[in-house]
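Enquirer: When you get a sec, could you give me coordinates for this:
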Amino acid sequence: MSSGAANHPLVQLFIARFREFIRTPEAVFWSYVFPLVMMISLGLAFRSDSVEPVAVCVQEGPQADELIQTLQGNPRFVVLRGSPEECRQMLRSGKAELVLTAEGSGTEAVYHYQLDQTRPGSVSARDAVNDALQIAAGRKDPVGTKQTAVTEAGSRYIDFLVPGLIGMGLMGGGVWGVGYAIVDMRIRQVLKRLLGTPMKKHHFVAAMMASRMVFMIPEIIVILILSRLMFSVVSHGGYLLIGVIVLLGAFQFASIGLIIASRARTLEAVAGLMNLTMVPMWIGSGIFFSAERFPDLVQPVIRLLPLTPVISSLRQVMQEGAGLITILPDLGLMLAWLVITFVVALRIFRWD
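Expert: All right, here's what the predicted structure looks like:
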């Protein structure tokens, strides 16, 4: 690189921002270590092992021994026993999915299930226990069934989680990495001193956004490599489109961070604005669970959140193998956020 190019304001600002970042251990931790810890922890917690056994509490009664003997022979069930109060306590605390009682005897027997129907596990437990008891009592299905166990890459929770963590990293890196850094520079009067240098406003903005890209790319690469090595997470749509989404998403959130920091003068103010911006996306954009769980009434708002198209397009590419045409609406929404926030930020940005 020639001395003229090396001394260009854009290059010098980029170098200064890079040095500031690597000299801040907490910034390195939150940018690189924290997303990996989240991925590894949740990947291990929700790993796809064999189906967990269902805990059933058999309530004391004349038929309790017979029920326990029938269910204990099935590896799908963990059979507990207790009084009515003890069984209700187990159900309330989550130690049991179901309370079972047999009323009557012989052909007059009736199985009484107590469960919380708002818990999907309890409903599934009732169906599984009832099937086991009915088969033991001699039930014959009129139509035969056959089952084939199939494991499809992309169907596990970790496959769902990794795109969400990538999106969360893009959002946090862009909003915090740009917004917080600018306000900190404003407080330390660095921005005012920069005005006395041969630097233009667009040099500063470009250096801030370019530095975020340099910091962000290694983070995403490490997440993708470790998720592949540790949990066999693959992208069915390849990695070129992931690169396009990451690039556009990083610039989008850097622009949002820029507009947040454009007028804030204290760290408390910018922290409040960033939390106000990011918390709705943490909750509603589907990082840890599907955004479709929210009521239809709020779905139009959720789809317009900046993080939603990022995660949606990543999941479509990685899990469904979607192509460019499929994710164009999401890319268009990301581009709209980028252009609008960047133009507004440049117009309202203050140096003091």
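
Enquirer: all contacts plus neighbour counts: C-alpha atoms, from now on.
Expert: Noted.

Enquirer: Domains in this protein, by residue range?
Expert: Domain segmentation of the chain under automatic domain parsing yields 10-46+154-348, 54-136.

Enquirer: Which stretches in this protein count as strands?
Expert: Applying DSSP state E to the chain gives strands spanning 54-59, 77-82, 98-103, 110-114.

Enquirer: Nearest to G164, out of those strands?
Expert: G164 lies closest, by CA to CA, to one member of these: strand 54-59, at 29.4 Å.

Enquirer: tell me the most buried of the domains of the chain?
Expert: Across the domains of the chain, averaging neighbours per residue (mean count of other CA atoms under 10 Å) puts domain 10-46+154-348 on top, at a mean of 18.

Enquirer: now it, how far from the centre of its chain.
Expert: The chain centroid and the centroid of domain 10-46+154-348 are separated by 13 Å under CA atoms, centre = their mean, to the nearest Å.

Enquirer: ok, now stretch 114-129?
Expert: That offset, for stretch 114-129, works out to 27 Å (CA atoms, centre = their mean).

Enquirer: in the chain, which helix or strand is least confident?
Expert: Of all helical and strand segments in the chain, the minimum by mean pLDDT, DSSP states H and E falls on helix 3-6, at a mean of 62.

Enquirer: looking at the strands of the chain, which is closest to L333?
Expert: Nearest to L333, of the strands of the chain and by CA to CA, is strand 54-59 at 43.9 Å.

Enquirer: Now do the same contact list for V246.
Expert: 170, 310 (CA atoms under 8 Å, 6 or more residues apart in numbering).

Enquirer: Let me know the distance separating it from T145.
Expert: V246 sits 46 Å away from T145, going by CA to CA, to the nearest Å.

Enquirer: Can you pull out the low-pLDDT segments for the stretch 151-300 of the chain?
Expert: Along the stretch 151-300 of the chain, the parts satisfying pLDDT under 70 run over 151-154.

Enquirer: Show the residue spans covered by the helices in it.
Expert: Here the stretch 151-300 of the chain has its helices, by DSSP state H, counting those that start in this stretch, at 157-174, 181-187, 190-194, 201-231, 240-261, 267-284, 299-304.

Enquirer: Could you provide these in JSON lines, with additional columns for distance to R350?
Expert: Shown next, in JSON lines, are the helices of the stretch 151-300 of the chain (distance: least, CA to CA, whole Å):
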{"stretch": "helix 157-174", "distance to R350": "19"}
{"stretch": "helix 181-187", "distance to R350": "9"}
{"stretch": "helix 190-194", "distance to R350": "9"}
{"stretch": "helix 201-231", "distance to R350": "10"}
{"stretch": "helix 240-261", "distance to R350": "9"}
{"stretch": "helix 267-284", "distance to R350": "14"}
{"stretch": "helix 299-304", "distance to R350": "28"}
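
Enquirer: Which one of the ones you listed lies nearest to I348?
Expert: The minimum distance between I348 and those falls on helix 240-261, with 8.0 Å, by CA to CA.
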